[in-house]
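In: would you be able to build a 3D model of this:
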Amino acid sequence: MNNIEPSNREPTQGVKTLGVKDVEAWIEDLTKELTLPEGGLLRGELLGTSGDGRRCQLRGAGRATVELRLEQPISAKRGDTVETAGEPELVTEAVPVGLRLVWKGVAAKNCGTSPRFRARRASVEAHAAKLPFTTPPIDGRLRSGGRVRLVAEAHSKAWPELEEAGRQYRWFKPDHTVCKDLRDPASLAASLASVLPLVNTGDVVLIAGGNGELEALDVLEDERVLGALVRLTARCPTILAVGHAGDELLTNKVVTYPIDTARAAIQLIVTESGQPSGDTQHAEGAEDDPGPSPRRAGPLPAGVLLLLVLVAAVLGWWARGVFAA
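Out: Alright, predicted model coming up:
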């Protein structure tokens with residue numbers, strides 16, 4: 001059985017039984033011991049905003065992010081450099097248990113697009129300009145031997161959903177390439193690169209996970225990840241299911257379908273794969289799959305042919321009688 005029943009045995013003598021509340025209390029004590037600076041000028045690259053521009057997520061050169069809370073809303077978009085005067089505060093999270101750093105300020109200044117983001121966008125534009133075709137759509141070739149290749153973490157919720165689709169549709173053949181850490185651009189780029197030799201023009205590659213966190217979207221726009229996505233899209237349709245499908249993301253320029261969830265991606269695959277394959281232009285060196293040949297009409301069976309002759313004879317006899325009258 002997969003379900004583990006709680007043990008009724010008494011804990012080992014001398015071992016203290018702890019609860020989540022105990023751990024939460026330790027974290028609160030830890031926050032009291034940490035000495036934070038009184039405040040200053042915070043500067044970082046904007047990942048996104050919420051709360052009508054009063055809550056922002058900022059990042060620097062590393063993977064750490066800071067939540068910015070403002071009294072006055074700011075007009076800024078992803079990739080802009082934002083700075084504000086304020087003071088830090090550690091906030092304890094009950095679910096899940098953890099710490100979060102919040103920077104509180106009155107107002108923030110938009111300093112324009114960050115040099116780092118500008119360089120990344122230029123890199124994406126250069127990659128997109130080299131694509132020799134419009135991103136290939138999903139078509140009927142998937143149902144003629146193609147595979148749905150998922151790139152996700154080991155315990156991704158997307159994999160059980162793909163397995164269920166495989167049980168529901170006999171032609172739906174899922175395959176899972178495990179990415180160790182979707183928050184690590186090197187790990188994700190390596191996983192995407194490992195899929196490249198496996199794909200055929202009738203396959204679909206689905207990248208799923210992240211639960212829509214802004215930090216995960218930032219990793220997906222890393223130059224190494226974008227380059228791997230370009231190479232995959234040159235071979236087969238690609239779907240990016242990480243949430244924020246309506247946002248203006250760099251990855252939207254180099255994947256076929258940006259979508260919110262893996263479940264929505266499965267629905268898209270089922271619908272689009274019912275379409276006949278068109279004259280999609282492929283990358284150089286890719287093999288064309290003509291698909292199943294159309295059936296040709298064969299000769300009529302002898303019994304059917306004899307029946308048609310008898311019907312024709314009866315109709316001819318009846319017609320002679322009518323006109324003779």
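In: domain-wise, how is this protein divided?
Out: As given by automatic domain parsing, the domain ranges for the chain are 20-114, 134-272.
In: Ala228 should be in a helix, yeah?
Out: Yes. Counting by DSSP: H, G, I helix; E, B strand; the rest coil, Ala228 is located in a helix.
In: figure out which of the domains of the chain is closest to Ser123.
Out: For the domains of the chain, proximity to Ser123 was assessed by Cβ to Cβ; domain 134-272 is nearest, at 5.3 Å. For the C-beta atoms, the positions are set from N, CA and C on the backbone; glycine is no exception.
In: let me know the average pLDDT across that closest one.
Out: For domain 134-272, mean pLDDT rounds to 87.
In: ok so, going back, looking at the domains of the chain, which is nearest to Ala126?
Out: The nearest among the domains of the chain, by Cβ to Cβ, is domain 134-272 at 9.9 Å.
In: before we move on, the earlier item: nearest to Arg121, out of the domains of the chain?
Out: Closest among the domains of the chain, using Cβ to Cβ: domain 134-272, at 6.2 Å.
In: out of the domains of the chain, which is the most enclosed?
Out: Of the domains of the chain, the one with the most neighbours on average (mean count of other Cβ atoms under 10 Å) is domain 134-272, at a mean of 19.
In: part of a helix, is Leu68?
Out: No. Leu68 is assigned strand when assessed by three-state DSSP, not a helix.
In: just list the residues touching it, thanks.
Out: Leu68 sits next to 42, 55-58, 82, 84, 86, 102-103, 105, 108 when contact means Cβ atoms under 8 Å, 6 or more residues apart in numbering.
In: make CSV from the residues you listed and add pLDDT to it.
Out: Shown next, in CSV, are the contacts of Leu68 (pLDDT from 0 to 100):
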residue, pLDDT
Leu42, 89
Arg55, 88
Cys56, 87
Gln57, 84
Leu58, 87
Val82, 92
Thr84, 92
Gly86, 90
Val102, 87
Trp103, 89
Gly105, 88
Ala108, 91
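In: what about stretch 193-201, distance to the chain center?
Out: What separates the centre of stretch 193-201 from the centre of its chain is 17 Å, taken as Cα atoms, centre = their mean, to the nearest Å.
In: on that earlier part again, just the closest of the contacts of Leu68 to Leu182, please.
Out: Gln57 (17.1 Å).
In: from Val225, how far out is that closest one?
Out: According to Cβ to Cβ, to the nearest Å, Gln57 and Val225 sit 19 Å apart.
In: also Ser156?
Out: From Ser156 to Val225 the distance is 17 Å (Cβ to Cβ).
In: just want the most central residue of the chain.
Out: Ala241 (2.1 Å; Cα atoms, centre = their mean).
In: using JSON lines, lay out the domains of the chain together with distance to Ala126.
Out: Formatted as JSON lines, those follow (distance: least, Cβ to Cβ, whole Å):
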{"stretch": "domain 20-114", "distance to Ala126": "17"}
{"stretch": "domain 134-272", "distance to Ala126": "10"}
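In: for Val124, find the nearest of the ones you listed.
Out: domain 134-272 (4.5 Å).
In: any idea how far that closest one is from the chain center?
Out: 5 Å.
In: I figured the residue nearest to the centre of the chain hits Leu268, correct?
Out: No. Contact between Ala241 and Leu268 fails when scored by Cβ atoms under 8 Å: they sit 9.2 Å apart.
In: now for those two: what residues contact both?
Out: With Cβ under 8 Å, 6+ apart, Ala241 and Leu268 have common neighbours Ile259.
In: scan this structure for its longest strand.
Out: Secondary structure of the chain per DSSP state E: the longest strand is strand 98-113.
In: what sits against the residue nearest to the centre of the chain?
Out: Ala241 neighbours (Cβ under 8 Å, 6+ apart): 158, 206-208, 259-262, 264-265.
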